[in-house]
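[1] Pasted the sequence and its predicted model underneath.
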Amino acid sequence: MQLIGTIYGEVKPTEFEILLINPNIERGSYVKIDHEQYGWVLSKIDTIRRYISAEDQEITLAKAHAIAYKGEKSILVPKIPFKPEERVYLGDRKLIRQILGLKKSKTNNIYLGLLEGHNLTVYLDVHKTINKHISVLAKTGAGKSYTVAVLLEELLDKGIPIIIIDPHGEYSSLNYENDDLESMEKYEIKPKTYANKVTEYSPDIVVNPDAKKLAIQPRFTLYELIEIMPMRLNDVQKSIVYDSLKRLEGKEYSIQDLINVVRMDDRRTKWKVINGLETLRDSGIFEGKAVTEEELVKKGHASIINLKGLEPKIQQLVVTKIARDLFEAKKLNKIPNLFFLIEEAHNFCPERGFGEAMSSNILRTVASEGRKFGFHLGVVSQRPARVDKNVLSQCNTQIILKITNPNDLRAIGQSIEGFTPGMENDIRQLSVGHALVVGECVEQPITVDIRTRKSRHYDAARFTPKKELEPGMIDKIKPIFLKEEVKPTKKSYWDKFKSIFLKET
């Protein structure tokens, strides 16, 4: 055991100071103290300060708090203070794992990274992490999308079906191996491509040529169609929609077929309905062979819904229809349990007062009811304050990277049970790539140094997919450029004449 100091001054049940003798101890380090009644108690150093005493001696004091100890049946918080001047030791792996609830093996667990300040791998129980939904929150540039990709890699390795709502087309980088081998050594991982486990879909394959055409079957209830219409309808217009759907009930139809039926109505207000239906038709998401729920949700497979290049309203329309269709299919047990990830969630389920999105209602429903049916939600945003609080508060696991905006910190505090000012300060001071993990997947909040990705990270400024040449192509083309000599072409009559003319002149 490594002695680092002794308890100093006034001692409270969960708060105390340590007179440090080891200058290498850092803020955030885990330490242990042998309590006369509880045995070993795990504690954490919150702050460290150095000063010169009246006797001209340099003193280093650390402020710490007691986390918990292992009781007979559960993890408990101490209620009796430590003895003054009790010895303090650096925390050991076994005690840290026990008290923080960290798993020992990769099997059926998520390898997120290393515990900050300790060379200790962080494995989280996969079911406790996503079963009751998860949120990943951070300000721009803090490593949010990188952390999400690490989570996706782990879920794919565990065979969990994934749907990724990708507004910017950044998750197609899962198809390519990471070439940053040096950074992988620290986390003991190897490069990996997920190309055989990922299918990318997009309504706009002109902007996204590597994606498959996403087409959705135009099958609506009255409520669904009214909800996804790009404008509000009055009661008469709703009646027109209802009558038109009734005429097509039980038939295969397109949006154009529905428009044609509406045209037959005698009421003048039909033109607003037609205008809305034409907008849906022109979006392109109802044209072509429809992708089924069974095609989208497959074990060990991720379907990326690439919305890059689409207008916000059309993006919301796609999310609304896909989320509703998948939720209905899951309730009927037509598809396996799945993880539904929403990037830029503040655009698809905004908090009231920050606009309205047609996808808000279905996402609120999934957040509140999805866990019962195995429909697990992932909420990702750099503006937590703008995400619907009913959706955010349903996420029982939070992975929070650096955030400094007071409104965003306030929103996080309202969504996390037991949020303290100390946690708010921790979030402000997080380094890039480090995350505070809170929720049922850990016994206590922990700070994690997120591991390096196995697949390549997307960077809009430098990411260029490496398209593999077909086998043997290099061998075919190399001789042409490297070995074969270019044979001189036979001179034309003009070439001969020109050389004679130039010599004479």
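    All right, it came through fine. Remember, it's a predicted structure, so these values are computed and weren't measured experimentally.

[2] Would you check how far apart residue 452 and residue 190 are?
    Residue 452 sits 10 Å away from residue 190 when distances are taken as C-beta to C-beta, to the nearest Å. (Each C-beta comes from the backbone N, C-alpha and C, glycine too.)

[3] which residues do these two both contact?
    Contact with both residue 452 and residue 190 is made by residues residue 184, according to C-beta atoms under 8 Å, 6 or more residues apart in numbering.

[4] Those two: which is more packed in?
    Neighbour tally, residue 452 and residue 190, criterion other C-beta atoms under 10 Å: the higher count belongs to residue 452, 20 against 9.

[5] The more buried one reaches residue 181, doesn't it?
    No. Residue 452 sits out of contact with residue 181 when judged by C-beta atoms under 8 Å, with a separation of 9.5 Å.

[6] tell me the domain boundaries of this structure?
    The chain resolves into domains spanning 3-100, 109-216+286-450, 222-282, 473-504 when parsed by automatic domain parsing.

[7] Residue 457: which of those is closest?
    Using C-beta to C-beta as the criterion, the shortest distance between residue 457 and the domains of the chain is 5.8 Å, found for domain 109-216+286-450.

[8] Pull the number of nearby residues for the nearest residue to residue 97 once chain neighbours are set aside.
    Distances taken as C-beta to C-beta, 6 or more residues apart in numbering place residue 104 nearest to residue 97, at 6.5 Å, with adjacent residues excluded. The burial metric for residue 104, expressed as a neighbour count using other C-beta under 10 Å, is 11.

[9] Repeat that for residue 417.
    By the other C-beta under 10 Å criterion, the neighbourhood of residue 417 contains 8 residues.

[10] From residue 438, how far out is it?
    Residue 417 sits 9 Å away from residue 438, taking C-beta to C-beta as the criterion.

[11] and if you look at residue 151?
    Counting by C-beta to C-beta, the separation of residue 151 from residue 438 is 15 Å.

[12] same check, this time on residue 69
    21 Å.

[13] now swap in residue 218 and tell me
    Per C-beta to C-beta, residue 218 is found 42 Å from residue 438.

[14] can you check residue 46 too?
    From residue 46 across to residue 438, the span is 16 Å (C-beta to C-beta).

[15] Of the two, which one has the most company?
    Under the criterion of other C-beta under 10 Å, the comparison of residue 46 against residue 438 puts residue 438 first, with 24 against 15.

[16] Can you name the helix or strand that the more buried one falls in?
    Taking DSSP states H and E as the criterion, residue 438 maps to strand 434-439.

[17] which element follows that strand toward the C-terminus?
    Trace forward from strand 434-439 with DSSP H and E and the next one is strand 446-450.

[18] Keeping just the C-alphas, turn the strand holding residue 438 into PDB.
    What follows is the C-alpha trace of strand 434-439 in PDB, where atoms were taken according to Å, rounded to 0.1, in the frame of the first residue of the first chain:
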ATOM      1  CA  HIS A 434     -12.800  13.300 -20.700                       C
ATOM      2  CA  ALA A 435     -16.400  12.600 -19.600                       C
ATOM      3  CA  LEU A 436     -18.400  12.500 -16.300                       C
ATOM      4  CA  VAL A 437     -20.500   9.300 -16.300                       C
ATOM      5  CA  VAL A 438     -23.600   9.400 -14.100                       C
ATOM      6  CA  GLY A 439     -26.400   6.900 -13.700                       C
END
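
[19] So what are the sheet partners of that strand and their directions?
    The strands that strand 434-439 pairs with in its sheet are strand 397-400 (antiparallel), strand 446-450 (antiparallel) (by DSSP bridges).

[20] Comparing those strands, which comes out most buried?
    Among the strands paired with strand 434-439, the stretch with the highest mean neighbour count (mean count of other C-beta atoms under 10 Å) is strand 397-400, at a mean of 25.

[21] could you give the mean pLDDT of it?
    Over the span of strand 397-400, the pLDDT mean works out to 94.

[22] Show me what that strand is in contact with.
    Outside strand 397-400, the residues that touch it by C-beta under 8 Å, 6+ apart are 112, 128-130, 132-138, 147, 151, 412, 415-416, 427, 430, 435-441.

[23] Could you tell me which of these count as buried?
    A residue is treated as buried here by neighbour count (16 or more other C-beta atoms under 10 Å); on that basis the buried members of those are 112, 128-130, 132-138, 147, 151, 412, 415-416, 427, 430, 435-439, 441.

[24] Fine by me, we can end here.
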